[in-house]
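Undergrad: any chance you can model this:
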Amino acid sequence: MAIGLQELSTRPIHALSIDRVAEIAGISRGLLFRYFPTKQDFYVAVVGAASRRLLRAADPDPDEQDPLRAVLQPFVSFIDRHGDNYQAFFHSGVGSDPQIRDIHDSMRDTMVERVVAALGCDDTPVTRMRLRAWWALVESLAIDRFHEGTPSIDEIVDYSAALLPTVLTGP
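TA: Numbering: from 1, shown residues only. Now for the predicted structure:
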């Protein structure tokens, strides 16, 4: 998976060479295809691994003083370090693949669950709907910050956290 992440960070899936991945891993092409029957299967596995890596990075310590910030800060920081890959995996043409969308939706739902836990708010369908929309804003701000270099990660986190009460209560 690490080799796949490295290779896909520098080239799109259509340019990915399974032969190169097998060579770097020191295995035969046939062995790689035993575990991943198609290039798409390999790609989905790599995106799933990247998603799990992000979720591990953004898993807050239960003793954290500010649990919302403990969810937001690592997420925004992760995108700041891996923005090109994140966009390529979830927002490029391949991101329209149903399996990739499922991975992205699952990651977003996990982050929403963490926000619900951090806030200790009522877990209703309306709350989740609003939090998913808010999370899309957080993701967009983090991606824009990656490209622009400003505002700071802390400013993105502070702004996102400040919007949350209005998002949850509505106008």
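
Undergrad: where do the strands of this protein begin and end?
TA: For the chain, strands defined by DSSP state E do not occur.

Undergrad: where does it have low pLDDT?
TA: Counting by pLDDT under 70, the chain contains low-confidence ranges at 9, 12-14, 93-95, 171.

Undergrad: can you count the residues close to Ala70?
TA: By the criterion of other CB atoms under 10 Å, Ala70 has 18 neighbours. For glycine as for every other residue, the C-beta is placed from the backbone atoms N, C-alpha and C.

Undergrad: ok, how many other residues are close to the closest residue in space to it that isn't next to it in sequence?
TA: Distance criterion CB to CB, 6 or more residues apart in numbering; nearest residue to Ala70, sequence neighbours excluded, is Pro60 at 3.4 Å. Counted with other CB under 10 Å, residues neighbouring Pro60 total 18.

Undergrad: swap in Pro67?
TA: Neighbourhood size, Pro67 [other CB under 10 Å]: 18.

Undergrad: which residues does it contact?
TA: Counting by CB atoms under 8 Å, 6 or more residues apart in numbering, Pro67 makes contact with 60, 117-119.

Undergrad: let's go with 6 Å and repeat that
TA: 60, 118 (CB atoms under 6 Å, 6 or more residues apart in numbering).
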